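K.L.:
structure for the following, please:
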Amino acid sequence: MIVLLSNDDGIHAPGLKALAESLQELGELYIVAPDRERSATGHGITVHRPLRLEMVNMHGLKARAWAVDGTPADCVKLAVEDLLPGPPALVVAGINQGPNLGTDVLYSGTVSAAIEGIINGLPALAISLASYGDHDFTRAAEVARKVVGLTIEKGLPRGTLLNINVPVAEPRGVRFTRLGNRRYVNIFHKRTDPRGRIYYWMAGEPLDLEDNGNDTDVQAIRENFISITPIQLDLTDYRSLSVFRQQWKEINFIF
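P.N.:
Okay, here's the model as predicted:
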């Protein structure tokens, strides 16, 4: 069984190493990850320059690994189309340093690596440790191993990935959740360089909005539950689609 790992924190990230260590006995492990941190790149792909890669010795791991000078989506795409000897049974992205909750999934390179997996018709998982400061990935790696085992046993609906977030504190249990609603405030820090030119540094603090009920990933992490959210590619708003078909049925564009 071939298992493909990737991330957005880079090939040498401790979260990726912890993930690989937890899964290396499950099958033939391949790692294709960015050569540097590519956080918040979303689902960008590289089309205006060539991609370059090199093999990396992952000391102590039973895995073949490549570092790619591109995005997480590039890595999975390249792995599936050229580097691997056959289709992987599973694509696992992570372990991300920091949570991927709610609207974070639209920006996350880690989630995008998993999305590239399901674009290619492969089961996929994204896993994140909900902390930027804690570097102990032991519990998150254990969660990853258990979820991967269940995924192999039970399968996933085609076109669906699981987005997993693990709290830093001892988990109170597991919740299957929907995406919460959060946005970022104080996003730009305005500064002046030594030559007097203004520049902006993007940062921001998450603001969890009021409609985050007990069934959301945001609330689950807040209450120290492991959050597992099924995500699909289809962004169609089917309720609105029905409304437009009824209320706009007489519209006639002439070009």
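K.L.:
give me the neighbour count for the closest residue to P14 other than its chain neighbours.
P.N.:
Nearest non-adjacent residue to P14, counting by CB to CB, 6 or more residues apart in numbering: H135, 5.8 Å away. From N, CA and C alone the C-beta is placed, and that goes for glycine too. Number of residues near H135 (other CB atoms under 10 Å) recorded here: 12.
K.L.:
doesn't H135 lie inside a helix?
P.N.:
No. Secondary structure of H135 (DSSP: H, G, I helix; E, B strand; the rest coil): coil, not part of a helix.
K.L.:
right, and it touches A13 too?
P.N.:
No. Using CB atoms under 8 Å as the test, H135 is too far from A13 to be in contact (9.9 Å).
K.L.:
quickly list what's touching both of the two.
P.N.:
Shared contacts of H135 and A13, defined by CB atoms under 8 Å, 6 or more residues apart in numbering, are found at Q97.
K.L.:
OK, contacts around the residue lying closest to G155 once chain neighbours are set aside?
P.N.:
Spatial nearest neighbour of G155, excluding adjacent residues (CB to CB, 6+ apart): P123 at 6.9 Å. The contact partners of P123, taken as CB under 8 Å, 6+ apart, are A89, L90, V91, G117, T151, G155, L156, L161.
K.L.:
which outside residues touch the strand or helix carrying the last one?
P.N.:
Looking back up the chat, that one is L161. Using DSSP states H and E, L161 falls within strand 160-166. Residues outside strand 160-166 that contact it (CB under 8 Å, 6+ apart) are 94-95, 99-101, 105, 111, 114-115, 117-118, 123-130, 139-140, 143-144, 147, 151, 156, 217, 220-221, 226-232.
K.L.:
that's all I had, so thanks and see you.
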